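**Q** Okay, sequence plus prediction incoming.
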Amino acid sequence: MPEISRIAFTVLGFPIYWYGLLIAVGLVLGVLTASLREKKLGLKKDTALDFLLWALPAALICARAYYVAFTWPHYAGHPLSVFNFREGGLAIYGGVIGGILAALAYTRWKKIPFGALADLCAPALALGQAIGRWGNFFNQEAYGVAQSDPALQFFPLSVFIEADGLWHAATFFYESAWCFAVFAALLLFEKKGAFKRRGDLFAAYLYLYAAERVVVEGLRMDSLMLGALRVSQLLSAALMLGALAYILPRARRRGDRAIALFCAAALAVGALAACVHLAPLPVQLALAALSVLFGAAFYRAANPAA
């Protein structure tokens with residue numbers, strides 16, 4: 001596999017890194033996607049661009065703070081490197097948290113529904129993540145366990161890491177492909193009128209993204225840790241349960257079938273979270289698929305017209 005350069009090109013001797021360039025491309029395409037959906041969601045023209053001025057700094061600060069908080073020993077000896085964004089080290093979940101905080105402040109200031117803005121941003125987030133993950137490819141990071149079987153040593157299943165001269169699971173690619181699929185699914189189901197209440201599309205994004213992350217994170221070698229636990233796996237499971245709980249009040253009015261499906265989905269999520277270290281990958285993938293299927297069935301039962 002040819003040597004991978006982190007630098008895309010130079011401008012007046014200043015290097016432009018693939019990592020930052022791809023994040024910028026994802027950002028531009030995400031804003032464009034959101035702008036095209038403003039009218040559908042009853043929001044004023046240029047809401048997406050206006051909100052970007054709030055969300056971008058909040059997302060960058062929180063993404064960096066989230067990463068640094070769980071890797072502090074690396075920065076403790078040279079704290080000024082905390083501000084060196086070009087080296088990488090932005091946690092997606094931190095960025096999402098920052099974006100949500102910015103959205104809460106923005107919607108309160110502009111007096112618009114939070115759910116409408118969240119739904120506007122959800123597909124854009126999935127698209128931006130799908131594109132931005134390729135920055136990890138050029139940075140040679142966010143890869144998974146070593147692949148010793150020669151039959152598995154090919155891209156995109158695996159990626160060659162120059163630092164140790166080994167092939168590793170291409171976890172950045174798995175997530176990128178999944179996020180592209182989530183992006184397409186959200187827009188498709190929105191077009192079919194599947195989301196019946198403001199905020200449901202955003203909840204679907206969180207649920208679907210977390211279902212992938214709780215599995216793929218278990219393959220990574222650079223996970224942010226909280227003791228012996230992977231932070232992103234814990235947060236992913238919590239987000240899946242939170243998305244189900246968001247729908248639960250409607251399910252209570254729909255009777256026993258909806259409640260049974262809620263319990264089935266919640267049990268699938270719980271089993272998935274419990275098995276990420278105990279079960280082989282095929283079992284984890286099967287549990288993730290069951291979680292998604294039960295979650296979809298639960299949503300439909302809580303919203304019969306969906």
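**A** That came through, no problem.
**Q** the strands in the stretch 1-150 of the chain, which residues?
**A** Secondary structure of the stretch 1-150 of the chain, counting by DSSP state E, counting those that start in this stretch: strands at 7-11, 14-17.
**Q** send the alpha carbons of the shortest one over as CSV?
**A** The reference is to strand 14-17. The C-alpha trace of strand 14-17 is given here as CSV (Å, rounded to 0.1, in the frame of the first residue of the first chain):
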residue,chain,number,x,y,z
PHE,A,14,1.8,26.5,4.6
PRO,A,15,0.6,22.8,4.7
ILE,A,16,-3.1,22.1,4.3
TYR,A,17,-3.8,18.8,6.1
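**Q** re the thing from before, could you save the strands of the stretch 1-150 of the chain as JSON lines and add columns showing mean pLDDT, mean neighbour count and distance to residue 287?
**A** From N, CA and C alone the C-beta is placed, and that goes for glycine too. Shown next, in JSON lines, are these (pLDDT from 0 to 100; neighbours: other CB atoms under 10 Å; distance: least, CB to CB, whole Å):
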{"stretch": "strand 7-11", "mean pLDDT": "86", "mean neighbour count": "11", "distance to residue 287": "39"}
{"stretch": "strand 14-17", "mean pLDDT": "87", "mean neighbour count": "14", "distance to residue 287": "37"}
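**Q** now these as TSV including distance to residue 119?
**A** Conversion of the strands of the stretch 1-150 of the chain to TSV gives the following (distance: least, CB to CB, whole Å):
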stretch	distance to residue 119
strand 7-11	33
strand 14-17	32
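**Q** Show me the longest helix that occurs in this structure.
**A** Assignment by DSSP state H gives helix 47-70 as the longest helix of the chain.
**Q** Just give the nearest non-adjacent residue to residue 156, would you?
**A** In space, and not counting its chain neighbours, residue 156 is closest to residue 173: 4.5 Å by CB to CB, 6 or more residues apart in numbering.
**Q** ok, residue 142 - contacts?
**A** 133, 136, 171, 172, 175, 220, 222 (CB atoms under 8 Å, 6 or more residues apart in numbering).
**Q** May I ask which of those residues comes out lowest in pLDDT?
**A** Sorting the contacts of residue 142 by pLDDT puts residue 222 at the bottom of the list (87).
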